[in-house]
Every structure is written in structure tokens, then in C-alpha cells.
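In: just the structure for this:
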Amino acid sequence: MTQDKIASYLSIITEGLKPEPVRSQRVIIVGAGVAGLVAAYELLRAGHDPVLLEARQRVGGRVYTLREPFAQGLYAEAGAMRIPRSHVLTMAYVKKWGLSVSPFTMHNPRGFCYVHGLRHRVAEVNADPDRLGFDVAEHERGKTAAQLWQETLRPLLQRFEREGEAAWPEVVAQCSGYSVRQFLEANHWSEGAMEMFGLLLNQEALIHSSFLELLREEVVGCYHDLVQIEGGMDLLPRAFLPDLHERIRFGAEMVAIDQDDTSVTVYYRTRAGQERVIGDYAIVTVPFPVLRHVEQLKPFSPGKRRAIRQLHYATAAKIFLQARRRFWEEDEQIFGGVTVTDLPVRNVYYPEHGRETGRGVLLASYTWADDARRWGMLSPEERIARAVDNLAHIHPQIREEFEVGTSVVWDQDRFAGGAFAFFNPGQELALFEHIVAPEGRVHFAGEHTTLTHAWIQGAIESGLRAASEVHRASEASAR
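Out: Okay, the predicted model is just below:
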């Protein structure tokens, strides 16, 4: 997203879509996640008539704060859990709605690194990376995985510092075909270094994904200066409800879509049966794995159909354990941050909210891709039991202090079909223009229709773009 485009979208957030429409358009918006809410809100402000269809009984989509089954005052983030301050569109809506934020601690030297059956403090590993015993090459010794990664990226990052956005077309052309592993191999990483990188930076399950996905996050600085919304991330989507609640039909699952030269018809199913709604335009925000099961009575273009079939989605799994005391803080002085492991739980996060209750909810496991699917093979009860067993290697106190747990595996959510879009090598060049392109009067939004996959910023960007497209199309049709 260019700086000019960011400025344009910030202008919409602060001042609204301009000019006022000649004729109000009825716009069917499928999905009341962040993208759909943003599009509906901005179209409503501009004088249009948005109607939202949401299959679930809540707004927010993959921004999903769990307050059950936990004790009063505790919650956990099943989906988005952090916002980089560099994501200015997200922060603009946070400010607009007057939401309070607090720092999200990403790195903590007092966290643990548990690999090869041994437990070390992160600070110890940073001081002496070789203590972990990875079979790295001589020129890689004495360097952490993060240091090796930053050294390898430095020429590309320096190029962006010199050339800015103008560097992207050539970088994409040169790097689109690389997976992360292929990029590391091309830069002469040893197998041991790649294993260390995969384990300690939580990239092992994504190492065959497009290198460009990780590069874009590094260029923007996604993992620096992070914040969280106090009281729960779902306060952001819920902030749109006072303006939109009367326009949302909950429990409405789209089953088919049709259009002609003047209108769009969306057929949807509720517990009462099948119904339809007709509008001037539609904005479809549902993920492509879900859209794959929606009948197109007037087929989309071959490029769009190919994109819907082929776009790769990563899954994610989170397992939460409530403890009756915050032993990681009281006993081990870990306040925020993450522990990394080679155990099935892989990554353990220490949420900082809920201290006033005396209890806490650990994000006992956060996994992606194949690591997450392996948790998905287990029953919910087995996930909790095995997570406790894993965590006991690092924090033996969990056996005494555990009270209740729950889990979420995103590719088992029939209205999500995965946690986020994540390109395979080559897909950005092959698919992106088809992913984002309108189909007649049907427009598309959602994080998958941007290059900011897996973040709230992508959903907001797409909602603003789709609302702008419809607004401009309505102006053109009125001439």
C-alpha cells in the first residue's frame, strides 16, 4: 500500500467518502467482520443504504475475544491479539472510537527457550546461541536466529530505505518464486541454521510459504511497537454496532449470488429457511475457502474462479489454560512476552491483562499451518490435556494451578476456512490482480484481498477500498 493510498484512506476515516452520492445505493455486504463493518459504516456515512448478512451470531470475524469459559474478568484472544503502531489505518479507528490501548510485550529476555529437552532463559540464549546445540556452519556460530535473519535481509531492507515504494515491483519480480526456505538456501544457510530459525522465530510451519509474506512484514515493522486493546480486541468491531446494528441480519449464510446489468441478488439461508436480498451492488468479504461453496448463478471470470480455488490459507490453533494464580509472574518474574519450544505447543504467550483478578489465562500454545492441523486432529479435551503435559516441562506449576481451558482451530471454523490468506511461492504475481478485481456489480474485501495478510490493517484497507469502488461506481452510473 503506497503512502498516497494510505493518506487517501486516512482521509476517508476522518472526513468520509466524497462527494455525496447523487443517488443512494443499496449495497449488500456479506460478512460482518472488520472489512464488512468498515465498508458498511463508510457507505452509510456517505448516504448509501448498506445491508449486512452475517452467518454467525456476532460481529468481528477473526477478531474474536473469548470470555467463556473463564472466570469473571478474564478473557483470551482467539484471533487477532496485537496491533503494530505502524498500521496507521487500524490505529486511526482505534482513536476514532476512543479505545484504550496498552503495550503488547513481544519479546522478554526472562522467557524461556525449551529445545532438545533443555530449558534456558531467552537472555542466556541471546548471550550464547551455541548453547542450544544446533548444527550450524562455522560462519553462523555465535549468532542468534534473529541476527542471521536480519543480516540476510539487510541488503533488501537497505534498498527499501533508499528507494521506498519504488523498489517493490522489481523485488516482487525477483523474489515471488522463492519460498522462505528457498530464499535461505540461496543465501547459503546451513540446515542447522534453518532449523534454529524455524523453531526460535516460529517459522518452521511456514517455511515453504512465499518469502514475500515475511519480507512485507519486516519492511513495515509488524513485530515492533505493538499494542493491544484494553478490555479485549473485539471492542474494535463492536464499536461499529451503534451505527450498524439495525442493518445486520445475523444467522444469514450466503448460499448463492446472482447479478444482472442493474442489480445483485444474494440468496442466504437462515434457520427459518432460504431467503434473498436484492441490491444495487454487493461487497463479498467472506474468505475464499468459504466462497468456494457459494453457487455463482452468473459465473465469475476464469481468473476469479481460479483465485478462489487456489489461494492458499494458513490455519492457526490456540490453546488457552486458566491458572488460579499467575505463577509465571510470581515465581519466575515473566511479565509478558513469549516462550519458544520444540514441543507440540511450540509458542507460549504470557498475556498481561487480568492481573486484578489474581488469576491468568495463558496462551499455552500458538501454532500455525501443519503444527496447528496436528492439534486439530485431537478432540478439544485431548488438546487441553496434552497442552498441560507439554507446559509442565517448562512450568511444572501448571499441574497444580490449572483450572479450565479451551481451544480454537481456525480451519475447523466453517465460516473462516483458515486463519488468514498466505501466498504460496508465485501466487502474488499469478493471483493477486484476480483476487482484488470486481466482478460486475460484485466487489470483494477481506484481508485476503490485500497484501497485508493476517492483520486487521488488511481488513480495514480492503473495506475502505471496496466502499470507495462502490461509491465511485454509483457516481459513474448517475452521470
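
In: what is the end-to-end distance of stretch 298-313?
Out: Its first and final residues considered, stretch 298-313 spans 26 Å by CA to CA, to the nearest Å.

In: who touches it?
Out: Residues outside stretch 298-313 that contact it (CB atoms under 8 Å, 6 or more residues apart in numbering) are 209, 258-260, 287-289, 291-292, 296, 411, 417-424, 427, 431, 433-435, 437, 439-440, 442, 448. From N, CA and C alone the C-beta is placed, and that goes for glycine too.

In: now with 7 Å, please.
Out: 258-259, 287-289, 291-292, 417-418, 420-424, 427, 431, 434-435, 437, 439, 448 (CB atoms under 7 Å, 6 or more residues apart in numbering).

In: of those residues, which belong to helices?
Out: Secondary structure from DSSP state H places 288, 289, 291, 427, 431, 434, 435 of those in helices.

In: can you add neighbour count and give these back as JSON lines?
Out: Formatted as JSON lines, the ones in helices among the contacts of stretch 298-313 follow (neighbours: other CB atoms under 10 Å):
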{"residue": "288", "neighbour count": "24"}
{"residue": "289", "neighbour count": "21"}
{"residue": "291", "neighbour count": "24"}
{"residue": "427", "neighbour count": "21"}
{"residue": "431", "neighbour count": "23"}
{"residue": "434", "neighbour count": "20"}
{"residue": "435", "neighbour count": "22"}
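
In: of all those, which comes closest to residue 93?
Out: The closest of the ones in helices among the contacts of stretch 298-313 to residue 93 turns out to be residue 435 (CB to CB; 23.5 Å).

In: what helix or strand is the residue nearest to that closest one when sequence neighbours are not counted on?
Out: Ranked by CB to CB, 6 or more residues apart in numbering and with sequence neighbours excluded, the top spatial neighbour of residue 435 is residue 307, at 4.7 Å. Here residue 307 sits within helix 302-310, counting by DSSP states H and E.

In: so for that helix, what gets flagged as buried?
Out: For helix 302-310, the neighbour count (16 or more other CB atoms under 10 Å) marks 304, 307, 308 as buried.

In: go ahead and confirm residue 438 touches residue 469.
Out: Yes - using CB atoms under 7 Å as the test, residue 438 is close enough to residue 469 to be in contact (6.3 Å).

In: hmm, who's touching stretch 55-69?
Out: Against stretch 55-69 from outside (CB under 7 Å, 6+ apart): 31-34, 37, 75-80, 232-234, 236-238, 241, 250-253, 404, 406, 415-416, 419, 456.

In: what's the answer for stretch 172-190, then?
Out: 136-137, 140, 152, 194, 203, 206-212, 214-215, 425-426, 428-429.

In: can you rerun that using 8 Å?
Out: The contact list for stretch 172-190 (CB under 8 Å, 6+ apart) reads 135-137, 140, 148, 152, 193-194, 197, 203, 206-212, 214-215, 424-426, 428-429.

In: select from those every entry located in helices.
Out: Using DSSP H, these in helices are 148, 152, 193, 194, 197, 211, 212, 214, 215, 428, 429.

In: which pLDDT value goes with the first one?
Out: According to the model's per-residue confidence, residue 148 sits at a pLDDT of 98.

In: and it, how many neighbours does it have?
Out: Residue 148 has 23 neighbouring residues, counting by other CB atoms under 10 Å.

In: go ahead and confirm it touches residue 142.
Out: No - assessed by CB atoms under 8 Å, residue 148 is found out of contact with residue 142, at 10.4 Å.

In: quick check: the nearest residue to residue 110 once chain neighbours are set aside vs residue 11, distance?
Out: Nearest non-adjacent residue to residue 110, counting by CB to CB, 6+ apart: residue 334, 5.0 Å away. Noted for residue 334: a distance of 43 Å to residue 11, by CB to CB, to the nearest Å.

In: neighbour count winner among those two?
Out: residue 334 (24 against 13).

In: helix or strand for the more buried one, which one?
Out: Counting by DSSP H and E, residue 334 is part of no helix or strand.

In: wait, residue 122 touches residue 109, no?
Out: Yes - using CB under 8 Å, residue 122 is in contact with residue 109, at 5.0 Å.

In: of those two, which one has the most company?
Out: Neighbours per residue (other CB under 10 Å) separate residue 122 from residue 109, with residue 122 holding more: 21 against 13.

In: which residues does that one contact?
Out: 107, 108, 109, 110, 111, 112, 113, 337, 339, 340.

In: 7 Å instead?
Out: Going by CB under 7 Å, 6+ apart, the list of residues near residue 122 reads 108, 109, 111, 112, 113.

In: okay, those in TSV with distance to residue 221 next?
Out: Rendered in TSV, the data for those read as follows (distance: CB to CB, whole Å):
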residue	distance to residue 221
108	19
109	20
111	21
112	26
113	24
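
In: how does this protein divide into domains?
Out: Using automatic domain parsing, the domain parsing of the chain gives 3-57+234-311+431-478, 66-106+226-232+313-412, 128-220.

In: any chance of those in CSV, with distance to residue 117 too?
Out: Converted to CSV, these look like this (distance: least, CB to CB, whole Å):
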stretch, distance to residue 117
domain 3-57+234-311+431-478, 32
domain 66-106+226-232+313-412, 8
domain 128-220, 10
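
In: in the stretch 251-400 of the chain, which spans are helices?
Out: Counting by DSSP state H, counting those that start in this stretch, one finds helices in the stretch 251-400 of the chain at the ranges 288-291, 302-310, 327-330, 369-376, 380-392, 398-401.

In: isn't residue 361 up against residue 354?
Out: Yes - with contact defined as CB under 7 Å, residue 361 and residue 354 form a contacting pair (6.5 Å).

In: when those two are compared, which one has more neighbours?
Out: A side-by-side neighbour count of residue 361 and residue 354, using other CB under 10 Å, places residue 361 first with 26 against 18.
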